[in-house]
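Trainee: sequence first, predicted coordinates after that:
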Amino acid sequence: MSLVKNLAPHLPYLRRYARALTGRQESGDAYIRASLEALVASPDKLDAEGDPRVALYRFFHVVWGSTGAQLEGGQEGGDAATARLRKLAPIQRQAFLLTSLEGFSRAEASYILGVTEGEQAELERAAIAEIEAELSTKVLVIEDEPIIAADLESLVEELGHEVTGNATTYTEAMAMVKSNPPGLILCDIQLADGSSGIDAANDILKEMDVPIIFITAFPERLLTGDRPEPTFLIPKPFQENTVKAAIGQALFFHPARETA
């Protein structure tokens, strides 16, 4: 029971991380199940003396290193996303996501991955270079707070993407998507007129296949475990590198990039 109490609060965020690594909810959750099964079978392999969140992520990487990384690096053929996975070493993505998306310190991330802090820093730099080399796309921002929207627009443009507009309501979002279809959407869940960004995202996905990154002050509304959840979820207040990491991963895995 003590193990469950210590680890349970961190599982939703480990699921988010696993999805960001694989680009899909189903495959990310599959690795989480594998990790939990391994943990039940060998609980003594978890570092019980250290920070429980750091220990959980380190244990996950033991499982990932023996299954996920090999699967990604060893696939022959496949689609363009698989080819990009072979081109960009999984550990580079892991290093960058641990610090930028998950908020670990460089020392914690290096411990999780089993590398030195110097190696961790180099892996982060390599991942950032790959992300910034992504081909540009059109980005729709769905956000009702002007300052946050402006920050996101500036960040997106710094990465070389084009902002097609800033929607503050469900109705505006649907209209903008129809008039100028985006290649990526950054979406809040609570909009200006009380409408829902979740509803907007769900209805947009009925019309087109586009990666959506949720940026919200209420991540618990989406990390419930009892309904479909987003692959990419960033809590407010956000850090610039967190958004960069999510954008890079979303575009990296999305099928539309295969023809880019």
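Mentor: All right, it came through fine.
Trainee: only C-alpha atoms for contact and neighbour calcs from this point on.
Mentor: Noted.
Trainee: how close does R125 sit to L155?
Mentor: R125 sits 18 Å away from L155, going by CA to CA, to the nearest Å.
Trainee: for Q92, same thing?
Mentor: Distance, Q92 to L155, using CA to CA: 22 Å.
Trainee: more neighbours, the two?
Mentor: Q92 (19 against 16; other CA atoms under 10 Å).
Trainee: that one contacts A129, correct?
Mentor: No. If you go by CA atoms under 8 Å, Q92 and A129 don't touch, sitting 10.4 Å apart.
Trainee: please name the nearest non-neighbouring residue to R58.
Mentor: Nearest residue to R58 in three dimensions, chain neighbours excluded: I112, at 4.3 Å (CA to CA, 6 or more residues apart in numbering).
Trainee: right, and the one you found touches Y57 too?
Mentor: Yes. Shown here, I112 and Y57 form a contact pair, counting by CA under 8 Å, at 6.4 Å.
Trainee: looking at these two, which is more packed in?
Mentor: Applying other CA under 10 Å to I112 and Y57 shows that Y57 carries more neighbours, namely 25 against 22.
Trainee: and that one, backbone torsions?
Mentor: Dihedral pair for Y57: phi -70, psi -40, per degrees, to the nearest 10.
Trainee: for it, give me its contacts.
Mentor: Applying CA atoms under 8 Å, 6 or more residues apart in numbering to Y57 gives the contacts 14, 112.
Trainee: the stretch 51-200 of the chain: strands as residue ranges?
Mentor: Assigned by DSSP state E, counting those that start in this stretch, the strands in the stretch 51-200 of the chain fall at 138-142, 162-167, 184-187.
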